[in-house]
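In: Here you go, sequence then predicted model.
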Amino acid sequence: MDTLACIHHHRSIRRYCPDPVPDALLTELLDAGVRASSSGNMQSYSIIVTRDRALREQLYEPHMEQSMVLDAPVLLTFCADFRRMRHWLRLSDAPDNFDNFMSFMIAAIDATLVSQNVALAAEARGLGICYMGSTLANCDQIGRILALPPGVFPVVGFSLGWPDEDPAPRDRLPLDGLVHYETYHDYSDERIGEIYAERELRGWERYMSFPRLRAMIADSGVTNLAQVYTVVKYTRESHQEFSETVFGYLREQGFLN
């Protein structure tokens, strides 16, 4: 598929055929991933390929019981990883400057760039993917299941396999509401209304099409999409709890020295 066509055709796949992803194809995708840009060409990331059913069953709960964790034949977890680099520095009698938050940010960006390369390569070969925010939200549990040592931290992950559904691409905010030329131009109330007009319509329709979400929305008493985001889906309490998890695990993994 043409690169731009592939990008514009992207959709999250949550239902998969049971067919395995051949080793040669998976290697091709991972090889495309490591061609991503990398700060200082340090490649401060690692990729965990999880096919084992028993391991995926362990990951099911920390990944918030999302069905694709069990249904997709492959899970990929992209980790910020300065452990390998720091080991090399010790062997080379070089100073170790990478046990801090800035180093985590560098490695997290590297890992995210790699993940998107792999995702695009997968979709170009007819495979489907679905990113899972639970990788970061429950980083400590996922890190322990994957036996991540200090210096390694799970940042992003997605399911991978042959699609068993063909959902329509999701709507996106208009380009002129996202792009700023030369400097940032802040938004007026009127402009915000224009930017989110279609999202409020389509997003509400989508959430109301799922019986479970429709019931949650009805029980919560929310009346618009913005309230769905902050009352039903992403509450202050949940974000505070996940923030504490992330910072606690960053400390445990040696990135806050």
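Out: That came through fine.
In: Pull out the buried residues from the helix or strand Arg84 falls within.
Out: Using DSSP states H and E, Arg84 sits in helix 83-91. For helix 83-91, a neighbour-count test (16 or more other C-beta atoms under 10 Å) marks 83, 85-86 as buried. Every C-beta, even on glycine, is put in place using the N, C-alpha and C of the backbone.
In: Following element in sequence after that helix, please.
Out: helix 101-124.
In: average pLDDT for that next one?
Out: Averaged across helix 101-124, pLDDT comes to 98.
In: That one: which residues count as buried?
Out: Those would be 103-104, 106-124, for helix 101-124 by 16+ other C-beta under 10 Å.
In: one step back: and the angle for the helix holding Arg84 with helix 101-124?
Out: 130 degrees (axes from the mean of the first three to the mean of the last three C-alpha atoms, to 10 degrees).
In: How is the chain divided into domains?
Out: Following automatic domain parsing, one finds the domains of the chain at 3-168+240-252, 175-235.
In: gap between the two ends of the shortest one?
Out: Distance across domain 175-235, first residue to last, is 28 Å (C-alpha to C-alpha, to the nearest Å).
In: most remote residue from this structure's center?
Out: Outermost residue of the chain with respect to the C-alpha centroid, by C-alpha atoms, centre = their mean, is Asp93; its distance is 35.7 Å.
In: for the record, mean pLDDT for the helix or strand where Thr135 lies?
Out: Assigning secondary structure by DSSP H and E places Thr135 in helix 134-137. Across helix 134-137, pLDDT averages out at 98.
In: Show me what the host helix or strand of Ile217 is packed up against.
Out: Assigned by DSSP H and E, Ile217 belongs to helix 211-220. Secondary-structure packing of helix 211-220 (3 or more C-beta pairs under 8 Å, 6 or more residues apart in numbering; DSSP states H and E): helix 189-208.
In: name the helices or strands packed onto the helix it packs on?
Out: helix 211-220, helix 225-227.
In: same thing but at 6 Å, please
Out: If you count contacts as 3 or more C-beta pairs under 6 Å, 6 or more residues apart in numbering; DSSP states H and E, helix 189-208 packs onto helix 225-227.
In: Give me the buried stretch members for the helix it packs on, please.
Out: Those would be Leu225, for helix 225-227 by 16+ other C-beta under 10 Å.
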